[in-house]
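> For reference, the sequence and a predicted model appear below.
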Amino acid sequence: MKNTNVVYIISNLGIGGVEVALLSAIPTLNRQFNFRLICLNPFDTNFIAGLSEEERQNIIVFKRFPFNYIRALYYVLKFKPDIVITSLWKAVPIGMLTKLFKPAIKYVEFIHSSVYFHSFDKLFTKLALKSANVVFCDSTSAKIFIEKQGFRKPAEIISFLRFQLPEQRKPKQQVVLKALFIGRFNQCKRIDRLVLLVKELVGSGLNFQVDLYGKDDGTMDLVKALIIENQLEANIFLKGEVASDKVQGLFSGYDFYFQTSEVEGMAMSVVEAMQHGLICVVTNVGEIRNYAKNGYNAIVIDEDFELTTIVEQVKNVCNNLDTANTISQNAYLTFFDQKDFADSLTETLKKCI
C-alpha cells in the first residue's frame, strides 16, 4: 500500500483527544501508506518529540491565515492523493476543494462529536458530509448524530484507543483520594463543575487531591478564580500541559478520574483512564453514555448534575475496597479486546481504496 497517497488534514496538533489519537497512528500510517499530515497552524514541536525523523518530516505545517489554506491546497493537489481525510471543521475547506478539483479522489470526513459547537462547525461539517465519499466516526453516538442529519453514505466507526494494555490489572490494596483530569480548559469541558464536585467531596470529609492537566482554551482564569473562591488551593492543582507520550505514565499515580463535560465525543481521556482501572466520575454525555455504566464500571453523574447521590457513591467506594476493585476491574475490561486507533484506521482506509 506504500504506493497509495494518503493525506490527513487537521488544524493543529495538541493535547486534545483527536490530535493525540492521530499522533499515535502516525508511525503505522507512515509504514502502510505514502502518508502526509497537513497542519494548518504551527504547534509546539515537543508534541511530536517521540516520532522518528522520517515521521516528523512527513508532517507539513502551514501558517498565517488565509495564506496557509492557499499553500496547503496547492501542496495537496501537487501531492496527488488517493485519499484525503479531514478532521474538525477548520480542515474541511481543503478537503472539499481538493475533491472539487480532483473528483476521483476518495474524500473522508472524520466526525468526533455528537453536537455542533457553533455555526461555523455546523456549516462546514454539513458541507463536508455532502462532499465526502465516506465518513469515519469515533463513536456510535457520532454515527447516530450524522445519520440524523440525513447522511446516507457509508459511515465507519473507528476505534479510538491509543494503546493496548497488559493482560492483567493489579488489584488495589487501598483507595487513595487522588484524582486526575486531562484535557483542554474549554467551556464545553465545564471544569467549573469539576471544582464544584471537589468542593462537595471535601465538604463531606473526602479530602481529595485533584490534578488538572491541560492547556488554556478560554476558561483557565475562571477555574483559577473558582479554586480560590472555594478555598480549594490545597485540593486542586493546575499542572499545565503534558506531552502525549507522557500521559500513559500518569494514570498509575491516581485511583480516580474526574470529567464533568457538558459535551463530549468519545472522551478518549476517560477511555484511557478506564483502561488503566481508574474509577471514573463522569457526566452522562456523548459516547460516555454507551460505555460508562453507573455503579458497574464508573460513577455517572446525571444531566441535572445533582451531586448528593454522587458524593455518597464516591464515599461508599472510598470506604469499601471490594467495591472499588470491582468497579476498577470492570472499567479495565470495558475496552480490553478492542483494536487500537492505528490498526482500526489503517484497516478501514484499505477498505476504501
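Arrived safely, thanks for sending.
> Mind listing what's buried along stretch 309-329?
For stretch 309-329, the neighbour count (16 or more other Cβ atoms under 10 Å) marks I310, V311, Q313, V314, V317, C318, T323, A324, N325, I327, S328 as buried. (Each C-beta comes from the backbone N, C-alpha and C, glycine too.)
> next SSE after whichever strand or helix holds the second one?
When elements are assigned from DSSP states H and E, V311 belongs to helix 308-319. The C-terminal neighbour of helix 308-319 among helices and strands, as given by DSSP H and E, is helix 321-334.
> what helices or strands is that next one leaning on?
Where contact means 3 or more Cβ pairs under 8 Å, 6 or more residues apart in numbering; DSSP states H and E, helix 321-334 is packed against helix 268-275, strand 279-283, helix 308-319.
> so what's F145 up against?
Neighbouring residues of F145 by Cβ atoms under 8 Å, 6 or more residues apart in numbering: I111, S113, S114, V115.
> List the buried residues in the helix or strand that contains it.
Assigned by DSSP H and E, F145 belongs to helix 140-148. By neighbour count on 16+ other Cβ under 10 Å, the buried set for helix 140-148 is S141, A142, K143, F145, I146.
> Going through the contacts of F145, which ones are buried?
Looks like these have I111, S113, S114, V115 buried, using 16+ other Cβ under 10 Å.
> ok but the second one is inside a strand, no?
No. Residue assignment for S113, taken from DSSP: H, G, I helix; E, B strand; the rest coil, gives coil, which places it outside any strand.
> Please give me every residue in contact with it.
A142, F145, V263, E264, G265, G286.
> sorry, back to before: pick the one among the buried residues of helix 140-148 closest to A298.
S141 (16.1 Å; Cβ to Cβ).
> Tell me which residues touch that closest one, please.
For S141, the contact set (Cβ under 8 Å, 6+ apart) comprises S114, G265, G286, E287, R289, N290.
> correct me, but P42 touches I60?
No. P42 is beyond contact range of I60, at 11.6 Å (criterion: Cβ atoms under 8 Å).
> Those two: which is more packed in?
I60 (17 against 13; other Cβ atoms under 10 Å).
> So the residue nearest to E54 when sequence neighbours are not counted: helix, strand or coil?
Nearest residue to E54, sequence neighbours excluded (Cβ to Cβ, 6 or more residues apart in numbering): N30, at 6.8 Å. Of the three states, N30 takes helix under three-state DSSP.
> need the contact list for N30.
By Cβ under 8 Å, 6+ apart, the contact list for N30 reads E54, E55, N58.
> tell me which element the spatially closest residue to K102 that is not a sequence neighbour falls in.
In space, and not counting its chain neighbours, K102 is closest to L77: 6.8 Å by Cβ to Cβ, 6+ apart. For L77, the host element (DSSP H and E) is helix 67-79.
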